[in-house]
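K.L.:
Give me the fold of what follows.
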Amino acid sequence: MSELSVNHLLGIKYLNRQDIQLIFETADHFKEVINRPIKKVPSLRDITIANLFFENSTRTKLSFELAEKRLSADVVNFSASQSSVKKGETLIDTVNNILSMKVDMVVMRHPSPGAGIFLSKHVNASIINAGDGAHEHPTQALLDSYSIRERLGDVKGKKVVIVGDILHSRVALSNIYALQLQGAEVMVCGPRTLLPKYIGELGVQVETNLKKALNWCDVANMLRVQNERMDISYFPSTREYKQQYGVNKELLNSLNKEITIMHPGPINRGVEITSDVADSKQAIILDQVQNGVAIRMAVIYLLASKIKQ
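P.N.:
Residues are numbered from 1 along each chain as shown. Next up, the predicted model:
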């Protein structure tokens, strides 16, 4: 059986094209499994997985937990807000204490960039990065690419624009890496203040005019404005942001072709996209959520199969 070239999923940056292909083929199998009447497989019956969430999460946390339970793994959940982290315990102590309870794999979301990489060097367990600060969110990028592949047949050669708060977004960075690895063309679009200064060096096109960007693309991935990561004001008002970078049905209908709309969630309805766009046939937002479970099952399964050796 083919296997991944890595022992942890810390970021898309560390994967190669074959890894992504293997994850997608495995996810195809699991997607069929989760649509059966009996959704469980006994693949990971003796594996224990700890979900460590030092930052709030709805979809990612539920999705990982479902994926783990569908694979019959034993799951322990940890949320920083109710833990000893509040009392000043360090990351490495928290994790070592959890590992001394004999955990095989750690799924971690953390506000500090590089937390997963730091952990993988100090801890004897497989680490899956469920988002580290504004750095990477690899499983989100995988499920996004998987959803594009499902809707459009292939990612290669497709034109994808990522719109919105690129500066604070871990989803944007992981998506840029994943899409380029698979041969897609990538553009970022947003107000100058929310585009990182050197973003062009990643080999992406940069556009500040939303209509031009949408006319260019096959797929638009609409990001949320991350107010919780902003210490200063990056644009005059939400109303002004919406006027320039919000997508409504009228704008979609005025384009010269039908494009696919994606969103990593949570959606601020009426800001980056209106409800009639979010709920339209062009949006694959709920497909992304369903695919997230299959992708996470695939990643966990493939990493777990490397533990046992």
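K.L.:
C-alpha from now on. contacts and neighbour counts both.
P.N.:
Will do.
K.L.:
Relative to residue 219, how far out is residue 149?
P.N.:
11 Å (C-alpha to C-alpha, to the nearest Å).
K.L.:
So the two - more neighbours on which side?
P.N.:
residue 219 (22 against 15; other C-alpha atoms under 10 Å).
K.L.:
Now do the same contact list for the residue nearest to residue 276 when sequence neighbours are not counted.
P.N.:
Leaving aside its sequence neighbours, residue 276 sits nearest to residue 249 (C-alpha to C-alpha, 6 or more residues apart in numbering; 6.4 Å). Counting by C-alpha atoms under 8 Å, 6 or more residues apart in numbering, residue 249 touches 274, 276, 277.
K.L.:
Just the closest of those residues to residue 74, please.
P.N.:
Distance to residue 74 across the contacts of residue 249 (C-alpha to C-alpha) is lowest for residue 277, with 39.0 Å.
K.L.:
for this protein, what spans make up the helices?
P.N.:
17-34, 59-70, 91-99, 115-122, 138-152, 170-181, 210-216, 238-245, 249-253, 275-278, 285-307 (DSSP state H).
K.L.:
Who are the packing partners of the first one?
P.N.:
Other elements packing on helix 17-34 under the criterion 3 or more C-alpha pairs under 8 Å, 6 or more residues apart in numbering; DSSP states H and E are helix 285-307.
K.L.:
circling back to that earlier point, among the helices of the chain, which is nearest residue 106?
P.N.:
helix 91-99 (8.6 Å).
K.L.:
Just the buried residues of that closest one, please?
P.N.:
Buried residues in helix 91-99, counted by 16 or more other C-alpha atoms under 10 Å: 95, 96, 98, 99.
K.L.:
and that helix, C-alpha only, in PDB?
P.N.:
Extracted as PDB, the C-alpha positions of helix 91-99 are listed here (Å, rounded to 0.1, in the frame of the first residue of the first chain):
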ATOM      1  CA  LEU A  91       2.200  23.800  25.900                       C
ATOM      2  CA  ILE A  92       4.800  21.100  26.200                       C
ATOM      3  CA  ASP A  93       3.700  20.300  29.800                       C
ATOM      4  CA  THR A  94       0.100  20.100  28.700                       C
ATOM      5  CA  VAL A  95       0.900  17.700  25.900                       C
ATOM      6  CA  ASN A  96       3.400  15.600  27.800                       C
ATOM      7  CA  ASN A  97       0.800  15.100  30.500                       C
ATOM      8  CA  ILE A  98      -1.800  14.000  28.000                       C
ATOM      9  CA  LEU A  99       0.800  11.700  26.200                       C
END
